[in-house]
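> fold the following and give me the result.
(2 chains)
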There are 2 protein chains.
Amino acid sequence: MEQITIKDVAKACGVGVSTVSRAINDHPNINEETKQLVLDKIRELGYVPNNSARNLKRSEGKAIAVLVKGMTNPFFNVMVKIMEEDIISRGYTMVLQHVDPKEDEADVALELTKEKRLSGIVFLGGIVTRTGEKLGQLNVPYVVSTIGAPLEGVREDEYSSVAVDDEREGKKATKFLLDKGYRKIAIFAGAEDDTSVGMLRLSGYKKAYEEAGITPDERLIRYLPKDNEEYSFDTGYASAKKLIEEGVDFDAVFAIADVMAVGACRAFLETGRKIPKDVAVMGFDGIDLTRFYLPSITTVAQPIKQMAIETSRLLFEVIEGKKHKHLVFEAVITERETT
Amino acid sequence: MEQITIKDVAKACGVGVSTVSRAINDHPNINEETKQLVLDKIRELGYVPNNSARNLKRSEGKAIAVLVKGMTNPFFNVMVKIMEEDIISRGYTMVLQHVDPKEDEADVALELTKEKRLSGIVFLGGIVTRTGEKLGQLNVPYVVSTIGAPLEGVREDEYSSVAVDDEREGKKATKFLLDKGYRKIAIFAGAEDDTSVGMLRLSGYKKAYEEAGITPDERLIRYLPKDNEEYSFDTGYASAKKLIEEGVDFDAVFAIADVMAVGACRAFLETGRKIPKDVAVMGFDGIDLTRFYLPSITTVAQPIKQMAIETSRLLFEVIEGKKHKHLVFEAVITERETT
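Numbers count the residues shown, from 1 in each chain, chains lettered A, B, ... in the order given. Down below sits the predicted model:
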């Protein structure tokens, strides 16, 4: 049987997690009736509050910072929501700060650690590998989430990580398209100087072509423009339009983020192209929208929820004195209507 | 000429807002070259750092809490990102906490105010009007954003608000569809016991029908199910499927959130219905996705960015000693391919 969590109790009572916390901690801001309902339900379900939840009052004021690169991507949105629930249920607050594409998140993190109550940091989305030296100066534990490559300049036992192997998954996606018979696969990659997931997924794309013994047209590799390096509907749309305008010959697009795949679909469909007959489209991430778009979009689905849960769990394990860990998840190709 | 902001400087330098802050405040974590570049650009553009930015160091540690109901809605995502930029640029950190649909945000807020460094609160999305009494106990200024109705039990000079008039806009949307000749407009509303934007937009729908002298079939009013009251692709999809299964006669759908309109479109298209020929679809909010979905979705577009900017601005004005204000924006019907 799965372990009962504070969220299960909250759901069963039709209240929020913080209300359950208040009931457990005998907090004044909860009415007696609700408190009784929650406590009854806790007994009924056999929920055992963990130490962190019981210590809610004592740790009051402590915070976890989540630094997000690419904040308008719904992928991170879901992760932030899940992590926030866990952070709150342990009696911490979550400080959220988004990091600009050109900004070095290590600088942002160093500034945040001046705040004495900061207990840990989560880096979400595309940390740049050249920041190893600065990261070494951080005086709180941190977890690097959703970038599938080791950090340079930091020892493995000095940080935790949760990710898929972005290079392997990029290769898997490209091989999937090659196996289906597509030969002229355009890749909508990250920025040209990207040193993060964009670079890794592109590297996987190149390896798949290499293994297949085919040399793709160089013009099939599309980088994000320097003035807009966000993965978004907009940049996917613009990249597709540009590909068409330049007269590049292509039969498929592998967008390294679902949001770009959505923008690309719109561009192809409104210029009269049929998907997948004229052009196949494949995304990466596995956001909900890929199911609801029409056509629904084939994607490399990362296990978003588990990754979020593990990110938060690892961070608190280290805060409680355990060793750093590195978790690599497997993404799953979810085939839909665009291939 | 528009006033130059810290964001303009950051953009011109290709760095983040916090890097500009660091340059202004002579912060150690910035390299000399970048600092010089930023300071040169500040002079060139004629940017005048405001007091808050100059006081970055002094106010270090202070926080603004943003409480979000409906966190997976991209509408709030955009608002949070814009507010966060402003909050950071004033030297504060942003604490983000999402509130469950059934949870009373006043309880969450009261708990947060025990944290002495909390300087203000933003309520985003659907505050329940019955919480007036508890809100009166808050010892920090707060802004209620994106709900277009006065709070009950709180004096107007005790809080600020930023919103569109949700009832008026709901009426406008319905009238738009009635004027186009649709007579059997299903509304995908909020929960049946909703006392927030869901209730207001539904009330506008009823008023438009009343003014047109038509009595709509009661089964055209679709509430969210009790076990899932989030505005989402999923709930929009499920509502559309149920409408079809129950054999209700309808020629249009007005979904009170764009995400639900997207789910509805998918359900209609995959069951062989043509949009807008067989059924028209109209959303509410104006999220980016409505432009990129196929068909693109007609929506009541709220001025998201301005609302976010004003929400943050009003809060800091009150923190600096000014009076509370109430801003009501006008939403704009953006007609696209679904009507």
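
> quick one: buried residues of stretch A:275-293?
A:275-276, A:279-293 (16 or more other C-beta atoms under 10 Å in any protein chain shown). (Each C-beta comes from the backbone N, C-alpha and C, glycine too.)

> so which of these are in strands?
A:280, A:281, A:282, A:283, A:284, A:285 (DSSP state E).

> closest one of the residues you listed to chain B?
residue A:281 (12.1 Å; C-beta to the nearest C-beta).

> what's across from the closest one in the sheet?
Residue A:281 has the following beta-bridge partners by DSSP bridges: residue A:253.

> and the next helix or strand past the lowest-mean-pLDDT helix or strand in chain A?
In chain A, no helix or strand scores lower on mean pLDDT, DSSP states H and E than helix A:51-54, which sits at a mean of 39. Downstream of helix A:51-54, the next assigned helix or strand under DSSP states H and E is strand A:63-69.

> near chain B, anything from the following helix or strand past that next one?
Toward the C-terminus, strand A:63-69 is succeeded by helix A:74-89 as the next helix or strand (DSSP H and E). Yes. Using C-beta under 8 Å from any C-beta of the partner chain, we find that helix A:74-89 touches chain B at A:74, A:77, A:78, A:80, A:81, A:84, A:85, A:88.

> what is the nearest of those residues to residue B:332?
residue A:74 (24.3 Å; C-beta to C-beta).

> surely that closest one is in contact with residue B:78?
No. Counting by C-beta atoms under 8 Å, residue A:74 sits too far from residue B:78 to count as a contact (11.3 Å).

> any idea how far residue A:111 is from residue B:91?
11 Å (C-beta to C-beta, to the nearest Å).

> tell me where the stretch 151-300 of chain A has helices.
A:166-179, A:197-211, A:233-245, A:258-270, A:289-292 (DSSP state H, counting those that start in this stretch).

> okay, the angle between the first one and helix A:197-211?
I take that to be helix A:166-179. Orientation of helix A:166-179 against helix A:197-211 (axes from the mean of the first three to the mean of the last three C-alpha atoms, to 10 degrees) gives an angle of 40 degrees.

> mind listing what's buried in helix A:166-179?
A:166-178.

> rewinding a little: turn the helices of the stretch 151-300 of chain A into CSV, columns for distance to residue B:40.
Formatted as CSV, the helices of the stretch 151-300 of chain A follow (distance: least, C-beta to C-beta, whole Å):
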stretch, distance to residue B:40
helix A:166-179, 38
helix A:197-211, 30
helix A:233-245, 30
helix A:258-270, 35
helix A:289-292, 42
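
> export those helices to a markdown table and tack on mean pLDDT and distance to residue B:254?
Formatted as a markdown table, the helices of the stretch 151-300 of chain A follow (pLDDT from 0 to 100; distance: least, C-beta to C-beta, whole Å):
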| stretch | mean pLDDT | distance to residue B:254 |
| --- | --- | --- |
| helix A:166-179 | 97 | 39 |
| helix A:197-211 | 95 | 39 |
| helix A:233-245 | 97 | 24 |
| helix A:258-270 | 97 | 23 |
| helix A:289-292 | 96 | 18 |
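
> low-confidence ranges, chain A, go.
A:1-3, A:25-29, A:48-60, A:71, A:116, A:126, A:128-131 (pLDDT under 70).

> try it again with 50
For chain A, the stretches flagged by pLDDT under 50 are A:1, A:51-59.

> residue A:98 looks like it's in a helix, true?
No. Under DSSP: H, G, I helix; E, B strand; the rest coil, residue A:98 sits outside any helix and is assigned strand.

> which residues does it contact?
Contacts for residue A:98 (C-beta atoms under 8 Å, 6 or more residues apart in numbering or on different chains) come out as A:67, A:68, A:69, A:71, B:81, B:84, B:85.

> list just the nearest of these to residue B:302.
residue B:81 (15.5 Å).

> interface residues of the stretch 101-250 of chain A facing chain B?
Counting by C-beta under 8 Å from any C-beta, the stretch 101-250 of chain A sits next to chain B at A:102-103, A:107-108, A:110-112, A:114-115, A:232-234, A:237.

> just those residues now: which is nearest chain B?
Nearest to chain B among these, with distances taken as C-beta to the nearest C-beta, is residue A:103, at 3.4 Å.

> quick one: residues contacting that closest one.
B:15, B:16, B:18, B:19.

> now the phi/psi pair for the closest residue to the second one other than its chain neighbours, please.
To tie it back to what came earlier, the one meant is residue B:16. Once flanking residues are discounted, residue B:16 sits nearest to residue A:103: 3.4 Å by C-beta to C-beta, 6 or more residues apart in numbering or on different chains. Backbone torsions for residue A:103, taken as degrees, to the nearest 10, come to phi -90, psi 150.
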